[in-house]
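[1] sequence-free structure coming up:
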């Protein structure tokens with residue numbers, strides 16, 4: 001059954017949102033990358049930090065780091081907003097990011113050179129660290145046949161533009177999270193690479209520990225790795241200075257299946273999530289704290305049926 005298209009009111013709203021968004025992107029484009037990332041950081045610190053999601057960031061930081069002082073948590077929070085503003089400003093300049101050339105904006109460390117991963121079924125897993133678009137760009141620029149799992153913006157005009165930007169230096173294959181499972185499986189079976197951020201709440205996911213609290217987490221990577229024998233690699237991205245990044249790639253969790261499928265998926269998902277937490281704790285200002293990562297009372301009530 002075909003889903004109904006947007007109503008006239010929705011189209012008008014999408015158009016107004018897109019006009020404001022593209023005006024901002026045009027400014028970032030015209031002033032150049034370095035000025036854009038600096039302006040984006042200023043907007044993040046001074047405007048984004050005043051918006052409602054800041055309440056979520058404050059709450060998450062307090063729950064994750066009760067031992068830290070309010071001043072320490074505030075420093076993490078403002079650094080996060082600075083980074084998010086820079087990420088937004090960098091979208092019109094994604095063609096300038098590459099691990100190649102004499103002065104690459106993306107450097108990396110990895111167990112093997114990325115070109116050695118060609119032809120292997122690999123799940124590159126990460127979270128919203130620094131500018132999370134760098135991980136798929138790193139793989140694509142080294143010749144890996146990749147596909148990125150994304151949650152497209154609700155606004156179709158903005159979503160289309162962001163997809164085109166991502167495809168300039170990164171994979172041109174984007175898989176929407178809500179319908180990605182079969183395409184992910186097909187891509188991995190053909191020896192392809194999947195890039196996926198696994199740090200957001202999935203209401204239909206499974207409950208595993210994250211910062212000492214239960215967090216509903218996607219089981220898809222664990223299920224695919226166990227079913228297909230795909231290799232898991234973990235990636236953490238760090239903003240080093242301005243619009244420059246370092247991506248650290250490491251081997252996935254050392255996991256031996258027990259043969260109990262349900263138990264194995266849960267335990268491997270927990271191990272993956274523990275690695276994400278480890279990376280967040282190592283440099284919390286690099287992570288995006290505005291996600292509603294942990295279940296609300298409403299989520300719990302819905303889960304109980």
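    Sure thing, it's come through. All values reported here derive from a predicted model rather than from experimental measurement.

[2] Buried residues in stretch 145-162, which are they?
    Taking 16 or more other CB atoms under 10 Å as the basis for neighbour counts, the residues of stretch 145-162 that come out buried are 145-150, 153, 155, 157-159, 161-162. For every residue, glycine as well, the C-beta is placed using N, CA and C.

[3] Could you list the low-pLDDT ranges of the protein?
    For the chain, applying pLDDT under 70 flags the ranges 1-4, 296-305.

[4] mind listing the helices for it?
    Taking DSSP state H, the helices of the chain run over residues 8-31, 33-46, 53-64, 70-90, 134-141, 156-169, 181-189, 220-228, 261-282, 297-303.

[5] Output those helices in JSON lines; the columns should cover distance to residue 122.
    What follows is those, written out as JSON lines (distance: least, CB to CB, whole Å):
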{"stretch": "helix 8-31", "distance to residue 122": "32"}
{"stretch": "helix 33-46", "distance to residue 122": "30"}
{"stretch": "helix 53-64", "distance to residue 122": "30"}
{"stretch": "helix 70-90", "distance to residue 122": "25"}
{"stretch": "helix 134-141", "distance to residue 122": "9"}
{"stretch": "helix 156-169", "distance to residue 122": "19"}
{"stretch": "helix 181-189", "distance to residue 122": "8"}
{"stretch": "helix 220-228", "distance to residue 122": "10"}
{"stretch": "helix 261-282", "distance to residue 122": "14"}
{"stretch": "helix 297-303", "distance to residue 122": "32"}
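
[6] tell me the most buried of those helices?
    Of all these, helix 134-141 has the most neighbours on average by mean count of other CB atoms under 10 Å, namely a mean of 27.

[7] about what we covered before: between the helices of the chain, which gets nearest to residue 202?
    Judged by CB to CB, the one of the helices of the chain that comes nearest to residue 202 is helix 220-228, at 8.7 Å.

[8] ok, and what's touching the closest one?
    Residues outside helix 220-228 that contact it (CB atoms under 8 Å, 6 or more residues apart in numbering) are 121, 123, 125, 180-181, 184-185, 188-189, 194, 196, 198, 230-232, 252, 257, 261, 264-266, 268-269, 272.

[9] returning to what we had before: with residue 211 as the reference, name the closest of the helices of the chain.
    Closest of these to residue 211 is helix 53-64, at 4.5 Å (criterion: CB to CB).

[10] Tell me the gap between that closest one and the middle of its chain.
    Averaging C-alpha positions (CA atoms, centre = their mean, to the nearest Å) puts helix 53-64 18 Å from its chain's average.
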